[in-house]
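*Asks:* here is a sequence together with a model predicted from it:
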Amino acid sequence: MRPPSVRVLDHDAYLCRTVRRNRILELEGYSVAVAEDGQAGLRAMERSPPALVLLDVKMPVLDGVGLSQVLKERGIRIPVILITGAPDLQTQRLVDEAGTAEFYTEEQP
């Protein structure tokens, strides 16, 4: 039996490498795949839907809010946790409309 998968989508290549290298999610029993833009993540999710998506709001090609909306429009029901380092009320409203499971802000140094 395959372990449940988590897809991590973030434009920050360093963060994606760190998630893979640290293996925190794998140690908890998840398989992990990463992508650095929303379009690549969407293609991968259409081929193999994950159990959970950790999604950055700001990404090239297709941003996190847009990707959440596409998933909703296509009836792809995957829990999505959106993360941003630059929260604002407009983003919060868009996140709410997209129907994501959770919305978190990154701690800024």
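*Replies:* Received it, and whenever you're ready, just let me know what you need. Residues are numbered from 1 along each chain as shown.
*Asks:* what sits against the spatially most central residue of the chain?
*Replies:* Compute the mean C-alpha point of the chain, and by Cα atoms, centre = their mean the closest residue is Leu55, 2.1 Å away. Listed by Cβ atoms under 8 Å, 6 or more residues apart in numbering, the contact set of Leu55 reads 9-10, 38, 41, 64, 67-68, 80-83, 100. C-beta coordinates here come from the backbone N, C-alpha and C atoms, glycine included.
*Asks:* surely Val6 is within a strand?
*Replies:* Yes. Assessed by DSSP: H, G, I helix; E, B strand; the rest coil, Val6 belongs to a strand.
*Asks:* pretty sure it sits against Val32.
*Replies:* Yes. Assessed by Cβ atoms under 8 Å, Val6 is found in contact with Val32 at 5.3 Å.
*Asks:* intersection of neighbour lists for those two?
*Replies:* Common neighbours of Val6 and Val32, counting by Cβ under 8 Å, 6+ apart, are Leu25.
*Asks:* coming back round to it: nearest residue to the residue nearest to the centre of the chain other than its sequence neighbours?
*Replies:* Gly64 (4.4 Å; Cβ to Cβ, 6 or more residues apart in numbering).
*Asks:* and the gap between that neighbour and Val80?
*Replies:* Remark: distance between Gly64 and Val80 (Cβ to Cβ, to the nearest Å) = 8 Å.
*Asks:* the two: which has the busier surroundings?
*Replies:* Neighbours around Gly64 and Val80, counted as other Cβ atoms under 10 Å, are more numerous at Gly64. The numbers are 30 against 24.
*Asks:* for the more buried one, what are its contacts?
*Replies:* By Cβ under 8 Å, 6+ apart, the residues touching Gly64 are 9, 38, 55-58, 82-84.
*Asks:* switch the cut-off to 7 Å
*Replies:* By Cβ atoms under 7 Å, 6 or more residues apart in numbering, the contact set of Gly64 is 38, 55-57, 82.
*Asks:* about what we covered before: separation between the residue nearest to Leu55 and Ile83?
*Replies:* According to Cβ to Cβ, Gly64 and Ile83 sit 8 Å apart.
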